[in-house]
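In: Pasting the sequence and the predicted coordinates here, then a few questions.
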Amino acid sequence: MKVLDDYNFENKKALIRVDFNVPLNENFEVTDINRIAAAKPTIIKVLEDGGSAVLMSHLGRPKGVRNPDLSLKHICDAVSNVIGVAVKFVDDCVGENAEKAVAALQNGEVLLLENLRYHAEEENGDEAFAEQLSKLGDIYVNDAFGTAHRAHASTTIVAKYFTDAKCFGYLLAKEIQAIEKVMRTGEKPVLAILGGAKVSSKITIIENILDKVDDLIIGGGMTYTFVKAQGGQVGDSICEDDKMELAMEILKQAKEKGVRVHIPVDVVAADDFSNTANTKIVDVDKIPDGWQGLDAGPKTLQNFKNVILSSKTILWNGPVGVFEMESFANGTVSVGNFIDQATQNGAFSLVGGGDSVAAVKQFGFENKVSYVSTGGGAMLESLEGKTLPGIAAILA
Ligand SMILES: Nc1ncnc2c1ncn2[C@@H]1O[C@H](COP(=O)(O)OP(=O)(O)OP(=O)(O)O)[C@@H](O)[C@H]1O
Ligand SMILES: O=C(O)[C@H](O)COP(=O)(O)O
């Protein structure tokens, strides 16, 4: 793996692809600095070596149009505050202005380029555009794990113009190692907790993960497709009838591979998809019509606790209930607490995927698990076993 420490940046300009696709409020202030903080060590290493950093990122999906709401100018102050260096800004990411700003950059300075996706060529992976980007640095550093699943000009194509001068940043290297720990090198027993709404969006992950884990917890909305497939009554719970055959196939494969599958045995059922609905605890396979399972029940959580506490490597993707509603957040909070306990006992725990990361942050578990991924789609594609183009381009 070509990593940052293989290079000394003295008198060099590092062209760093970061993922500063961060949420902004109505006053265009950054509401979550996590992705910026995560890129800080890479930027600091370049500066401490005696070099300068040219940062490029996308923000949102402007689709080739200069939408002022999505200008990276909005995040310039936040980046300055987080890294502790006044960041310069230039109003384009290619062309004369960008090239002049880079030429004027001194060692120890940081320049942030305007939103890459103001140019349609970025998402099209345009070669000429990538070549223009490549003029803005001596060494290309990819530290944008969140965008590593996109074969865009700045994440993938640009790398070929830096044959012997390209590497992963610290963040991207850390994300790769965290995934490796779960998928290949982690201490056994390895557990994956897969929740979320639908089986259909997790099929490839489940199939891939069956070869890597000893235990698999299936929770959240996916539960009911598995339960109905086995002849249970799921009432009005979310269920994908057309995936029932597949659910049975997954259970069969798990058995053949010696993977222990843990599915909820009881649930918090509600008579409406609402925080103020009437609720009762019922067996997962006896949910009456008019009721839907929206969270894991007490027996289920006891089972989950036993499995989580006896695991040495834990991956968590997807909430085990409708955590956005307080009445159905207990299961997800409990799973977070069990993982916290397991981590304190020495297990390695990785949380990844959009909604599980949101849940972890909402309930304050960020610092209690070993690693929270900065990637949503990129994390899911990694768990599916895909080689991400942004990673492949550095290794090429
Ligand atoms: N029993 C349930 N019934 C309906 N929805 C549920 C249930 N349990 C969880 N969910 C919902 O599943 C959603 C998360 O599903 P999703 O598959 O998107 O999770 P994720 O993998 O963490 O995120 P992403 O796929 O975006 O990375 C949440 O909004 C949650 O409310
Ligand atoms: O937030 C993300 O998942 C990344 O920044 C990628 O954004 P995209 O889905 O718009 O490519």
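Out: Now that the structure is in, tell me what you want to look at. Residues are numbered from 1 along each chain as shown. Ligands and ions are numbered 1, 2, ... in the order given.

In: what about whichever residue of the chain sits closest to ligand 1, how many neighbours?
Out: Closest contact between the chain and ligand 1, by C-beta to the nearest ligand atom, is at residue 196 (2.6 Å). C-betas here are computed from N, CA, C, even on glycine. A count of neighbours around residue 196, defined by other C-beta atoms under 10 Å, yields 22.

In: Against residue 394, how distant is the residue of the chain found nearest ligand 2?
Out: Residue nearest to ligand 2 within the chain (C-beta to the nearest ligand atom): residue 21, separated by 3.4 Å. As judged by C-beta to C-beta, to the nearest Å, residue 21 and residue 394 stand 20 Å apart.

In: before we move on, what about residue 261?
Out: 36 Å.

In: Neighbour count for these two, which is higher?
Out: More crowded of residue 261 and residue 394, by other C-beta under 10 Å: residue 394, with 23 against 17.

In: which residues touch the more buried one?
Out: Residues in contact with residue 394 (C-beta atoms under 8 Å, 6 or more residues apart in numbering) are 2, 142, 159, 166, 167, 168.

In: List the buried residues for stretch 330-341?
Out: By neighbour count with 16 or more other C-beta atoms under 10 Å, stretch 330-341 contains the buried residues 330, 331, 332, 333, 334, 335, 336, 337, 338, 339, 340.

In: Adding distance to residue 302, write the residues you listed out as JSON lines.
Out: Output for these, formatted as JSON lines (distance: C-beta to C-beta, whole Å):
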{"residue": "330", "distance to residue 302": "13"}
{"residue": "331", "distance to residue 302": "12"}
{"residue": "332", "distance to residue 302": "16"}
{"residue": "333", "distance to residue 302": "15"}
{"residue": "334", "distance to residue 302": "10"}
{"residue": "335", "distance to residue 302": "12"}
{"residue": "336", "distance to residue 302": "16"}
{"residue": "337", "distance to residue 302": "13"}
{"residue": "338", "distance to residue 302": "10"}
{"residue": "339", "distance to residue 302": "15"}
{"residue": "340", "distance to residue 302": "17"}
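
In: what's next to stretch 74-87, contact-wise?
Out: 20, 22, 24, 28-30, 33, 36-37, 40, 43-44, 47, 55, 59, 89, 108-112.

In: what residues does the stretch 51-200 of the chain put near ligand 1?
Out: Counting by C-beta under 6 Å from any ligand atom, the residues of the stretch 51-200 of the chain close to ligand 1 are 196, 197.

In: switch the cut-off to 8 Å
Out: 195, 196, 197, 198 (C-beta under 8 Å from any ligand atom).

In: most surrounded residue in those?
Out: residue 195 (27 neighbours).

In: who's in contact with that one?
Out: 218, 219, 220, 221, 222, 317, 318, 319, 320, 321, 332, 356.

In: taking the residues you listed one by one, which sit in strands?
Out: 218, 317 (DSSP state E).
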